[in-house]
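Asks: Could you look at this predicted model? Sequence included:
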Amino acid sequence: DQQVKQNSPSLSVQEGRISILNCDYTNSMFDYFLWYKKYPAEGPTFLISISSIKDKNEDGRFTVFLNKSAKHLSLHIVPSQPGDSAVYFCAASLIYNQGGKLIFGQGTELSVKP
Amino acid sequence: DTAVSQTPKYLVTQMGNDKSIKCEQNLGHDTMYWYKQDSKKFLKIMFSYNNKELIINETVPNRFSPKSPDKAHLNLHINSLELGDSAVYFCASSQEKGPRGNTIYFGEGSWLTVV
């Protein structure tokens, strides 16, 4: 039973436009959420995070929105650039953080076309 | 310098064999992890160690055995390999015992194919 899901396996966006990546979760005990970015043949790298006490966190072109009532978060990239083309993983952490355990979604592959 | 390095990067082996994947981190971190990315692309934690002590041991077949000779190394041994073990295995490390994810550094992954 997957507690974190990214239902769109891929997304294609034109350069300069907004990219919106979505993530749904089922466990209300999650209190911290993260987005990781992964290029081919590399490991995931941290991108941005948000605590459950907030509904928005912004870092440059990247903004993460959290809707706790809907158990939904999204990552907005504005403006999108070709270098943003990668797989984006949503991840969640439990309140008691069980020794660093992160629960990941299956990723969304973003393609930004020039 | 690679912060978290794994070897080998690619491994093709036959069913029934025993193999190991090595991981080393030069970040001075206290905690190391093994994650598995399965065929459905989900990344799932397998183990975590803090200062050579096992912290997390998910529901993983006991054919998988992590070994941490020191806090900079966490190796993964897999006995009697099965077809379903084919996956990408990621090693990771963090400074804290229970970080908030943003301080977890991943290696490049080891692609294991069992034939």
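Replies: Perfect, thanks for sending it.
Asks: From chain A, how far out is the residue nearest the centre of chain B?
Replies: In chain B, the C-alpha nearest the mean C-alpha coordinate belongs to residue B:34, at 2.9 Å (Cα atoms, centre = their mean). Noted for residue B:34: a distance of 12 Å to chain A, by Cβ to the nearest Cβ, to the nearest Å. To be clear about C-beta, it is placed using only N, CA and C from the backbone, and glycine gets the same treatment.
Asks: Skipping adjacent residues, who's closest to that residue in space?
Replies: residue B:46 (4.4 Å; Cβ to Cβ, 6 or more residues apart in numbering or on different chains).
Asks: What about that neighbour, how many residues nearby?
Replies: 18 (other Cβ atoms under 10 Å in any protein chain shown).
Asks: what's the pLDDT at the residue nearest to the centre of chain B?
Replies: Per-residue pLDDT puts residue B:34 at 94.
Asks: Near chain B, which residues of chain A? Just list them.
Replies: Contacts of chain A with chain B, taken as Cβ under 8 Å from any Cβ of the partner chain, map to A:2, A:9, A:32, A:34, A:41-46, A:49, A:89, A:91, A:93, A:97-107.
Asks: Could I have the PyMOL command that selects the buried members from these?
Replies: Burial among the residues of chain A next to chain B is assessed by 16 or more other Cβ atoms under 10 Å in any protein chain shown; the matching PyMOL selection reads:
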select buried, chain A and resi 32+34+43+44+46+49+89+91+93+97+98+99+100+101+102+103+104+105+106+107
